[in-house]
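J.: build me a model:
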Amino acid sequence: MANEREQPMSAPHTDFAAAMSYGDYLQLDKLLTAQQPRSESHDEMLFIIIHQASELWMKLTLHELTAARRLLIADDLQLAFKHLARVSRIQSQLIQSWDVLSTMTPSDYSSFRDALGKSSGFQSAQYRMIEFALGNKQAAMLAPHTHRVDLHADLQQALETPSIYDEAIRLLGRRGFAIDAGVLARDVREPYHANASVLAAWTDVYRDPRRYWDLYQLAEELIDLEDWFQQWRFRHVTTVQRIIGRKRGTGGTAGVDYLRQVLDATFFPELWNVRTEL
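T.: You can find the predicted model right below:
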């Protein structure tokens, strides 16, 4: 019957002279011409794209962490959980990027390593801002960025801004837990160190999760985030060792030995220690 016949599909829009196209919206002309290899090596393109894509994921990570921190201050935990969970999923994407990079052999990398000069992932300003946002504050890490006034200013601001965990601890204090005054008023530019009063508060939360359900969820979102972050760090170490062994890094670091040291860095120490207390 006529009314049961399929109606023809409308033709897709094809005239973009006065309209925004997919490429316009995503600024693909800029994005897809940002890969400028400095050697004739086939594998340098892989190296560039992996690191550029990682920087985009890190930009999103900072976007989500900034939102989560703002919501913790406002005591809007349910919405904060969404942003924290998204960061964990972003970390899973970053971990998978090492799987792609690990297809590069030592010979492949050696064919263009000299073209990198002194550049190194150690100099990633966004990575440093993420670590600062999570609480691994180290003022010395601003030094590689002194040649860029804008980046140095952004990093200085990130150093002086309370971390996600600082705000979580302040939230515990606002909820009535007996947090040491020195912790609540600490210099947030300094690395955070485990505190007995904070451990006691998280222990109470974990022993009675029904009573403190949103704080319990917050603790688990944070531990999930750090778990993924540590997996990313570990995959970084193994990929670097697979490709360059124990050579020094291009930026002057000790390479794999340096990366293994940072595996021991913990963002939320009491959330790990509370598991022993229970």
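J.: all strands of the stretch 1-150 of the chain, in order?
T.: In the stretch 1-150 of the chain, no strands are defined using DSSP state E, counting those that start in this stretch.
J.: give me the low-pLDDT residue ranges for it?
T.: Applying pLDDT under 70 to the stretch 1-150 of the chain flags residues 1-11.
J.: if we use 90, what do you get?
T.: For the stretch 1-150 of the chain, the stretches flagged by pLDDT under 90 are 1-20, 117-123, 141, 144.
J.: all the helices of it, residue numbers only.
T.: Using DSSP state H, counting those that start in this stretch, the helices found in the stretch 1-150 of the chain span residues 22-26, 28-31, 44-73, 77-101, 106-110, 125-134, 149-160.
J.: buried deepest among those helices, which one?
T.: Of the helices of the stretch 1-150 of the chain, the one with the most neighbours on average (mean count of other CB atoms under 10 Å) is helix 125-134, at a mean of 21. The way it works is simple: take the backbone N, C-alpha and C, and place the C-beta from them, glycine included.
J.: which helices and strands does that helix pack with?
T.: Under the contact criterion of 3 or more CB pairs under 8 Å, 6 or more residues apart in numbering; DSSP states H and E, helix 125-134 touches helix 44-73, helix 149-160, helix 164-174, helix 213-244.
J.: now find how far off-centre the shortest one is within its chain.
T.: Translated: helix 164-174. Taking CA atoms, centre = their mean, to the nearest Å, one finds helix 164-174 lying 20 Å from the centre of the chain it belongs to.
J.: export only the CA atoms of that helix, formatted as CSV.
T.: Taking Å, rounded to 0.1, in the frame of the first residue of the first chain, the C-alpha atoms of helix 164-174 are listed here in CSV:
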residue,chain,number,x,y,z
ILE,A,164,41.2,17.6,45.4
TYR,A,165,42.3,15.8,48.6
ASP,A,166,42.8,19.0,50.5
GLU,A,167,39.2,19.8,49.7
ALA,A,168,38.1,16.3,50.7
ILE,A,169,39.7,16.6,54.1
ARG,A,170,38.2,20.1,54.6
LEU,A,171,34.8,18.5,53.8
LEU,A,172,35.5,15.9,56.5
GLY,A,173,36.1,18.8,58.9
ARG,A,174,32.8,20.5,57.9
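J.: averaged pLDDT, the helix or strand following that helix. What do you get?
T.: Downstream of helix 164-174, the first helix or strand assigned by DSSP states H and E is helix 181-184. Taken as a whole, helix 181-184 has a mean pLDDT of 97.
J.: in helix 181-184, what's buried?
T.: The neighbour-count check on helix 181-184 (16 or more other CB atoms under 10 Å) flags Val183 as buried.
J.: residue numbering should commence at 796 henceforth.
T.: Sure thing, new numbering starts at 796, so read that last one as helix 976-979.
J.: quick one: contacts of that helix?
T.: Contacts to helix 976-979, defined as CB atoms under 8 Å, 6 or more residues apart in numbering, come from residues Ile964, Arg965, Gly968, Asn990, Ser992, Val993.
J.: can I assume Asp903 is in contact with Asp838?
T.: Yes: using CB atoms under 8 Å, Asp903 and Asp838 qualify as a contacting pair, with a distance of 4.2 Å.
J.: between the contacts of helix 976-979, which is nearest Gln1012?
T.: Nearest to Gln1012, judged by CB to CB, of the contacts of helix 976-979 is Ile964 at 16.2 Å.
J.: and for Gln830, the neighbour number?
T.: When neighbours are defined as other CB atoms under 10 Å, Gln830 has 12 of them.
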